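Enquirer: based on what follows, work out the 3D shape:
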Amino acid sequence: MTPSCRERFRSELNSVQYEAVFHDEGPLLVIAGAGSGKTRTLTYRAARLVEEGVAPEQILLLTFTRKAADEMLRRAARLLDNRCRHIAGGTFHSFAYTVLKRYAAALGFANNFTIIDRPDAESLIGMLIKARMSGPQRGAFPRKKTLADIFSRAANKNLPLEDILYEEYPHFTPYSDDIHALQADYVAAKFDQAFMDYDDLLTKLLQLMEDQPDIKNRIADQFSHLMVDEYQDTNYIQARIVYHLADRHQRIMVVGDDSQSIYSFRGANFRNIMDFPDLFPDTRVLTLEENYRSVVPILDLTNQLIEQAVEKYPKQLFSSRPSENPPCLVHTGSENSQSRYIVDKIRALGRDGIPYNEIAVLFRAGFHAFDLEVELAREGIAFVKYGGFKFMESAHIKDVLAHMRIQTNPYDRLSWFRILLLINKIGPKSAQRIHADIVSQAKGLQGFIDMKPSQKGNPGLERLRDLFREMAAFDLHPVQIGERILGYYHPILKDRYDDHPKRMRDLEQLLVLLEKYEHLEPFLSDMTLEPPNVAVGNTFGTGNPQEDRLVLSTVHSAKGLEWHTVFIIWAMDGRFPSFMASESAEQLDEELRLMYVAATRARENLLFLCPGQVFDRVSGMILSRPSRFIDNLPEDLMTRQAADIW
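Expert: Numbering: from 1, shown residues only. Take a look at the predicted model:
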């Protein structure tokens, strides 16, 4: 790196960031406190490596969202030049997909496999349940969604099925043998139909690396430097993949914050970040403690808050932003008085010039906000709720994508069933017969096009045949394929949904996305790996950041975001932490970290709200005590007041 560039970086980074960026030999663990500039550190390190002559293609940056990877590489390119755009950056799942597309055959798997999302996985499991068990046998047997959760947890936590059942679903242990058999059916069905679900992408990659050392070395040798973002969110499988990628050269930097490890329900393993120095014995640990987000009083409180954690990397966040406005614990008389207090405070903040989209109300669970939603609607305050509706889980989106998937995998049983059952007078038996005929002919889509009509006089089936015949006759761009499918699907949409105009806007959004692709397969893979999160015009989604709407969010969905003012509602023992979490020291520590994540989202104002005298139907108890996490904090860290509204 040129002396001038090195000096420039020294002036633009704090001393610890600079140390991390220029660390040369051996593993590095960066404990990045909330708001401490971890993205900046990763970005500058990427630019520095390229500037010093490391080929961009030999740098691998693993993140948890493609958006995060794209943003880092965009910033690195702006910092240095467009060479940084060629750094291999992406999610664990997209990286696994790329590798498996090349090497899946080494596992006996077809290289042209199709990725199925969670709803498709559930549909396949549902079919297998019906095939294996009669209605009376099913009785209290777990539903397909629950089974998908059980299989996924076992995969991500690398635990036997029995352990997952015993720890999380003890009421299903009498069905253990049947659940095992269904898991085997599910694995076999995916293999037969060339499917991989999300978990398979990671587990198959790890299997490849552990069973095929030559291939593992070939993959690892492609990347001389490895960087991993949000390492505290990795699961067991991801941590093992990281180890295999970096074990030979040891040039690895992982960045994360143990205090923000809050996704154990997804399989994230808190031990990964705590045990990283044991996995890589020569690890150097650096801690980013200068916070660029919050005022001093908020940091004073959050430092004391996380000090209660049983196990942690020690850190004390500090800031150069003073304030005379300490955090506040507000006692309200009831849930509704909590809601009305928030409405009044939001109005007051608005009068002070704070826009709604700079204010967030955070909560432990989605149902905690129901009363507030009613009150906001009554008062005409626009809001958006994070963590609700998912674009890719809506039926009309999945219908259209099923038609596209058959273009790339003409034997895809799930997609054939989905599109055939949209046609009048075709039921599961007819769909099964048609699919079996297509498979037996082994001619791909042409087998369906040439098939003799199985149901005389079924115009819907002939329309579908005409659609595929037309698309087969021309070399179409993905957008043109999408347009033809939408033209075919529009009458079905109108017939099935009263709100078809809104749903059609969602489908038109697919055409906008398709314009970025030259081929259909990468589009379908990206839609499964990195789907959009919100439907057009939907109230409960991520929303448009340009719109002035109050944000309601679960804490899990708020991680990584920040607002001028943050309200944390139901800061009450039995709600936050929940009663269930109180039964386990590990769960209680994660609840504490969850409260810490919520509190560190605030820049200027932080308010905890605790309704009083609330009857809890589950425990049969009256709840009134503020959350144990904040109730015993020193008096000088937080003011306490009773709401004027009761």
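Enquirer: which elements pack onto the strand ranked longest in the chain?
Expert: Looking across the chain with DSSP state E, the single longest strand is strand 602-611. The contact analysis (3 or more Cβ pairs under 8 Å, 6 or more residues apart in numbering; DSSP states H and E) places strand 602-611 against helix 296-306, strand 328-332, helix 335-351, strand 563-568. (C-beta placed from N, C-alpha, C; glycine too.)
Enquirer: what does it rub up against?
Expert: Applying Cβ atoms under 8 Å, 6 or more residues apart in numbering, the contact partners of strand 602-611 are 293-295, 298, 301, 323, 325, 327-335, 337-338, 341-342, 345, 562-572, 599, 626-627, 630, 638.
Enquirer: select only the buried ones of those in ChimeraX?
Expert: Typed into ChimeraX, the next command selects the buried ones out of the contacts of strand 602-611 (criterion: 16 or more other Cβ atoms under 10 Å):
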select :293,294,295,298,301,327,329,330,331,332,333,334,335,337,338,341,342,345,562,563,565,566,567,568,569,570,571,572,599,626,627,630,638
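Enquirer: list the contacts of residue 614.
Expert: Here residue 614 is in contact with 334, 335, 572, 622, 623, 624 (Cβ under 8 Å, 6+ apart).
Enquirer: strand partners of the helix or strand hosting the fourth one, parallel vs antiparallel please.
Expert: If I follow you right, that is residue 622. Assigned by DSSP states H and E, residue 622 belongs to strand 621-623. Looking at strand 621-623 with DSSP bridges, its partner strands are strand 614-616 (antiparallel).
Enquirer: return the member of the contacts of residue 614 nearest to residue 176.
Expert: Closest approach between the contacts of residue 614 and residue 176, by Cβ to Cβ: residue 623, at 36.6 Å.
Enquirer: hang on, isn't that closest one packed against residue 574?
Expert: Yes: here residue 623 reaches residue 574: they are 4.5 Å apart, a contact under Cβ atoms under 8 Å.
Enquirer: which one's more surrounded, the two?
Expert: The neighbour count for residue 623 versus residue 574, taken as other Cβ atoms under 10 Å, is higher for residue 574 (22 against 18).
Enquirer: can you give me the strands in the stretch 151-300 of the chain?
Expert: With DSSP state E, counting those that start in this stretch as the criterion, the stretch 151-300 of the chain has strands at 195-197, 225-228, 252-256, 284-288.
Enquirer: closest to residue 16 out of the ones you listed?
Expert: strand 284-288 (5.5 Å).
Enquirer: so which residues make contact with that closest one?
Expert: Here strand 284-288 makes contact (Cβ under 8 Å, 6+ apart) with 14, 16-17, 19-20, 23, 26-33, 36-38, 41, 277, 313-315.
Enquirer: among those, which ones are in strands?
Expert: Checking the contacts of strand 284-288 against DSSP E, those in strands are 28, 29, 30, 31, 32.
Enquirer: what's the burial count for the fourth one?
Expert: Per other Cβ under 10 Å, the neighbour tally for residue 31 reads 25.
Enquirer: give me the distance between it and residue 225.
Expert: Noted for residue 31: a distance of 20 Å to residue 225, by Cβ to Cβ, to the nearest Å.
Enquirer: with the second one instead?
Expert: Residue 29 sits 15 Å away from residue 225, going by Cβ to Cβ.
Enquirer: after the strand holding residue 622, which helix or strand is next?
Expert: Using DSSP H and E, the next helix or strand after strand 621-623 towards the C-terminus is helix 628-631.
Enquirer: in CSV: the helices and strands packed on strand 602-611, plus distance to residue 260 and mean pLDDT.
Expert: Converted to CSV, those look like this (distance: least, Cβ to Cβ, whole Å; pLDDT from 0 to 100):
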stretch, distance to residue 260, mean pLDDT
helix 296-306, 10, 97
strand 328-332, 22, 94
helix 335-351, 25, 93
strand 563-568, 15, 98
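Enquirer: in TSV, list the ones you listed along with distance to residue 608.
Expert: Formatted as TSV, those follow (distance: least, Cβ to Cβ, whole Å):
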stretch	distance to residue 608
helix 296-306	10
strand 328-332	5
helix 335-351	11
strand 563-568	5
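Enquirer: does residue 355 touch residue 548 like I think?
Expert: Yes: in this structure, residue 355 is within contact of residue 548 by Cβ under 8 Å, at 5.0 Å.
Enquirer: re the thing from before, filter the contacts of strand 284-288 down to the buried ones and hand me the PyMOL line.
Expert: In PyMOL, this line selects whichever of the contacts of strand 284-288 come out buried by 16+ other Cβ under 10 Å:
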select buried, resi 14+16+17+19+20+23+27+28+29+30+31+32+33+36+37+38+41+313+315
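Enquirer: follow-up on the earlier one: which one in the contacts of residue 614 is the model shakiest on?
Expert: Of all the contacts of residue 614, residue 622 has the smallest pLDDT value, namely 75.
Enquirer: number of nearby residues for that one?
Expert: The burial count for residue 622: 12, using other Cβ under 10 Å.
Enquirer: the one 10 residues further on now?
Expert: For residue 632, the count of nearby residues is 10 (other Cβ under 10 Å).
Enquirer: what about it, distance to residue 308?
Expert: To residue 308, residue 632 is 9 Å away according to Cβ to Cβ.
Enquirer: try residue 338
Expert: From residue 338 to residue 308 the distance is 25 Å (Cβ to Cβ).
Enquirer: then residue 480?
Expert: Here residue 480 is placed at a distance of 59 Å from residue 308 (Cβ to Cβ).
Enquirer: re earlier: export the contacts of residue 614 to TSV and tack on distance to residue 95?
Expert: As requested, the contacts of residue 614 are arranged in TSV below (distance: Cβ to Cβ, whole Å):
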residue	distance to residue 95
334	50
335	45
572	42
622	51
623	45
624	50
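Enquirer: now for the residues you listed, which pair is the farthest apart?
Expert: 335 and 622 (13.4 Å).
Enquirer: remind me which residues of this structure are low pLDDT?
Expert: 1-3, 134-139, 387-393, 453-457, 498-499, 530-546, 616-620, 644-646 (pLDDT under 70).
Enquirer: please name every helix or strand in contact with the top helix by length along it.
Expert: Criterion DSSP state H: the longest helix present in the chain is helix 478-496. Under the contact criterion of 3+ Cβ pairs under 8 Å, 6+ apart, helix 478-496 touches helix 395-408, helix 459-473, helix 500-514, helix 520-529.
Enquirer: 10 Å instead, please
Expert: Counting contacts by 3 or more Cβ pairs under 10 Å, 6 or more residues apart in numbering; DSSP states H and E, helix 478-496 packs against helix 395-408, helix 413-420, helix 459-473, helix 500-514, helix 520-529.
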